[in-house]
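Chemist: Please work out how this folds:
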Amino acid sequence: MFERYTERARRVIFFARYEASQFGIAAIEVEHLLLGLIREEKTLISTLLGKQVSLDFIREEIVAHTLQAKKISASVEIPLTPALKRVLAYTVEESEKLKHKHIGTEHMVLGLLREEGSLAANLLVEAGLSLESVREFLRKKGSE
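Modeler: Numbering: from 1, shown residues only. So this is what the prediction gives:
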């Protein structure tokens, strides 16, 4: 499933799984993917957000909106929620739209934004991101 994913994108998924286990949640949720992105791709996320919102603020908001339970062992298999499966499908679509052979962390940001109504998407939108602004950023970055 993750063959086309870059090493960094795979690490984001690993960190998302870790975040879910630390919250004691039995499934990896969309917000865990955003936390994974923050762990692995501070530079990308900070660049996209600019100075409007800090990464710490995003983490704090997710923590505040998450019911926490006893931590789960990292060795336990943790499934993906249906919402996160959709985000990962969007990630693939975004990579294809941009005619990229790889699936990277930048595509994950786009996938998160497409999952409207999720806490992760809402936080990114409130921070000033939109699908078009991120796509434009990636087009400019790709032409450099």
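Chemist: who touches residue 11 in this structure?
Modeler: 36, 40 (Cβ atoms under 8 Å, 6 or more residues apart in numbering). To be clear about C-beta, it is placed using only N, CA and C from the backbone, and glycine gets the same treatment.
Chemist: mind redoing it with 6 Å?
Modeler: By Cβ atoms under 6 Å, 6 or more residues apart in numbering, the contact set of residue 11 is residue 40.
Chemist: what's downstream of the host helix or strand of it, the next helix or strand?
Modeler: In the assignment (DSSP states H and E), residue 11 maps to helix 7-23. With elements assigned by DSSP H and E, the helix or strand that comes after helix 7-23 is helix 30-40.
Chemist: so the following helix or strand past that next one versus helix 30-40, what angle?
Modeler: The first helix or strand that comes after helix 30-40 along the chain, using DSSP H and E, is helix 42-49. Taking axes from the mean of the first three to the mean of the last three Cα atoms, to 10 degrees, one finds that helix 42-49 is oriented at 110 degrees with respect to helix 30-40.
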